[in-house]
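K.L.:
Sequence first, predicted model second:
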Amino acid sequence: MKTRPFRTLALASIGAFALACSPVRPGGSPASPVPARTGAWEDLYEDVRLDGLEDRRFDQERFWRVVRPVVEGSNRFSVEVVGQSSEGRPLRVISFGRGPTSVLLWSQMHGDESTATMALADIYSLVEEESGNRMVRSILGGLTVHTIPMLNPDGAQRFQRRNAQGIDINRDARALATPEARVLKSVRDRVEPLVGFNLHDQGVGTRVGLTDRGAAISLLSPPFDHSRAVNDVRLRAMEIMGVMIRTIEPMVGNHITRYSDTFNPRAFGDLITQWGTSTILVESGGWEGDPQKQYLRKVNFVGLMAALESIASGSYQGVGTDAYQALPANGRRIGDLLITGGTVVIPDIPSYRADLLVNYEKPLLEEEGTFADIGDLAEVEARDTLVLDGLYIHPRDRALERTEDGIQLKVGAQAYFTVSRRVDGRDPLWVFRGTPPEELRRRR
Ligand SMILES: [Zn+2]
């Protein structure tokens, strides 16, 4: 067995990690002296959580089947079809509350980022079931909350980032070439929200700063230009995030980061800030033992409800920007699976020792792995390591490129191979299609 350079780091982080993963509410982590304040929202959650979205990969039809009985026909909601996707799926705005302050939340403009969409479903259920609750009443009386759940239903249909035109909607805020971007822009211009929530998921391999911890939730007040200056619009977003941080810290401890604030003139968060709406980017990352992001769904629910309550009551004012500014930046993004110690066997060339790095298109499901690197990868970090000392890796046909010049194993090829005890491929142990066998796996 090889000892990897990060082993000591991994060991040092186990204490904080175990605490953060505890199923009972830990009541604050060592890095967060602020006492637990998730209280009420977390207590309400289990009663209002909607069934039917346990698998984070769902299409618009399924989402609507779950949400429709809650929002349609209820006088607490208005449901409006404001346009359609390029494949003709309806784009709905679901609104609640009758207050003077307008707030807009939009989720899943990247079709494979469904965590906040699930949380929005739970928020509708809360509004319907708990309209007598003091905090909910305050929100309904102070705010008109507009939501666009699943802005990219065509992408969600395929569980892919981009829309059916092949465009990344979050790089279309300037050109407005996609119907989905035009809908978001027109709704924003119509309801002129004081605060906007841009709800996403980020890579599960993202680290907290320079540490070995995974980033569970990443927040950002997007800049409105290259200077990254802070004006009143951004100050408001930062103070509201201060409330969110304080509220979710007991749930995710020191696994909260600040997203990169490089200005992007094509991105919605940046331009909506420029248009005068205090915009908050929420990126749900990874949480150990939560492949379907059901825990992060709850964290989203709690954080968003705390934010809405503070906007309705004005309690965010004066919170200051310290909590936000103190967040560690998003750190490096590590690979998904490092395969070490094996010998690669390809027809027609001599076999050779090489480590292999695999990144998954669907990392939480360990599906659709491709080779990201091949060679001496001793310093490369990955969430998982597969140790194949003394074993032989026989890439399967689909992992190999055949041309008239010969056969090659290439970066970008599908990670699909047989592991055997012998160089000739006899005595195979198992076939790798994505999920490594537990006994050979070393988790960070
Ligand atoms: Zn995204």
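P.N.:
Sure, I can see it.
K.L.:
Mind pulling the model confidence for the residue of the stretch 201-350 of the chain found nearest the ion?
P.N.:
When you check the stretch 201-350 of the chain against the ion by CB to the ion, the closest residue turns out to be residue 201, at 6.2 Å. Yep, even glycine has a C-beta here, placed from its N, CA and C like the rest. At residue 201 the predicted local distance difference test score is 97.
K.L.:
what does residue 261 give?
P.N.:
Per-residue pLDDT puts residue 261 at 89.
K.L.:
Need the three-state assignment for it.
P.N.:
Here residue 261 is coil, with the state taken from DSSP: H, G, I helix; E, B strand; the rest coil.
K.L.:
ditto for residue 163
P.N.:
Counting by three-state DSSP, the backbone at residue 163 sits in coil.
K.L.:
hang on, it packs against residue 91?
P.N.:
No - using CB atoms under 8 Å, residue 163 is not in contact with residue 91; the gap is 11.2 Å.
K.L.:
ok, for the residue sitting nearest the centre point of the chain, nearest residue in space, not its chain neighbours?
P.N.:
Taking CA atoms, centre = their mean as the criterion, residue 201 is the residue nearest the geometric centre of the chain, at 1.9 Å. Leaving aside its chain neighbours, residue 201 sits nearest to residue 113 (3.6 Å; criterion: CB to CB, 6 or more residues apart in numbering).
K.L.:
Count the residues that sit near that neighbour.
P.N.:
Residue neighbour count, defined by other CB atoms under 10 Å, stands at 24 for residue 113.
K.L.:
What is the least confident helix or strand in the chain?
P.N.:
Of all the helices and strands that make up the chain, helix 7-12 has the lowest average by mean pLDDT, DSSP states H and E, namely a mean of 28.
K.L.:
what about the chain, any weak spots by pLDDT?
P.N.:
Along the chain, segments meeting pLDDT under 70 span 1-39, 444.
K.L.:
Around the ion, pick out the residues from it.
P.N.:
By the criterion of CB under 5 Å from the ion, the positions of the chain lying close to the ion are 110, 113, 200.
K.L.:
would you list every one of the helices in this protein?
P.N.:
With DSSP state H as the criterion, the chain has helices at 7-12, 14-21, 39-48, 60-71, 115-129, 134-142, 153-158, 179-191, 232-252, 268-274, 294-313, 322-325.
K.L.:
Pull the residues that contact the last one.
P.N.:
I take that to be helix 322-325. Judged by CB atoms under 8 Å, 6 or more residues apart in numbering, the contacts made with helix 322-325 from elsewhere in the structure are 219, 221, 238, 239, 241, 242, 245, 246, 258.
K.L.:
okay if I get those as a markdown table plus neighbour count?
P.N.:
Putting the contacts of helix 322-325 into a markdown table (neighbours: other CB atoms under 10 Å) gives the following:
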| residue | neighbour count |
| --- | --- |
| 219 | 24 |
| 221 | 27 |
| 238 | 22 |
| 239 | 21 |
| 241 | 27 |
| 242 | 22 |
| 245 | 23 |
| 246 | 20 |
| 258 | 21 |
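K.L.:
of all the residues you listed, which two lie farthest apart?
P.N.:
Across the contacts of helix 322-325, the two members that end up farthest from each other (CB to CB) are 221 and 246, 16.1 Å apart.
K.L.:
Now do the end-to-end distance for stretch 421-436.
P.N.:
According to CA to CA, to the nearest Å, stretch 421-436 extends 16 Å from its N-terminal end residue to its C-terminal end residue.
K.L.:
what are the bridge partners for residue 147, then?
P.N.:
Taking DSSP bridges as the rule, residue 147 bridges to residue 94, residue 105.
K.L.:
Surely it and residue 97 touch.
P.N.:
No - under the contact definition of CB under 8 Å, residue 147 does not touch residue 97, with a separation of 10.7 Å.
K.L.:
Can you get me a residue count around residue 88?
P.N.:
Each residue near residue 88 was counted by other CB under 10 Å, and the total is 10.
K.L.:
gap between it and the ion?
P.N.:
Here the distance between residue 88 and the ion works out to 23 Å (CB to the ion, to the nearest Å).
K.L.:
Out of the residues of the chain next to the ion, flag the one nearest to residue 294.
P.N.:
The closest of those to residue 294 turns out to be residue 113 (CB to CB; 15.0 Å).
K.L.:
how far away is that closest one from residue 75?
P.N.:
32 Å (CB to CB, to the nearest Å).
K.L.:
count of residues packed around the residue nearest to residue 140 when sequence neighbours are not counted?
P.N.:
Computed as CB to CB, 6+ apart, the closest residue to residue 140 that is not its neighbour in sequence is residue 97, at 4.5 Å. Taking other CB under 10 Å as the criterion, the count of residues near residue 97 is 23.
K.L.:
do residue 276 as well
P.N.:
Residue 276 sits with 15 neighbouring residues when counted by other CB under 10 Å.
K.L.:
just checking, it touches residue 233?
P.N.:
Yes - contact criterion CB under 8 Å: residue 276 and residue 233 qualify, at 6.0 Å.
K.L.:
sorry, back to before: any idea which of the residues of the chain next to the ion is closest to residue 175?
P.N.:
For the residues of the chain next to the ion, the minimum distance to residue 175 (CB to CB) is 17.1 Å, reached by residue 110.
K.L.:
need the contact list for the closest residue in space to the closest one that isn't next to it in sequence.
P.N.:
Counting by CB to CB, 6+ apart, residue 110 lies nearest to residue 161, which is 4.5 Å off, once chain neighbours are set aside. Residues in contact with residue 161, defined by CB under 8 Å, 6+ apart, are 110, 111, 112, 113, 155, 168.
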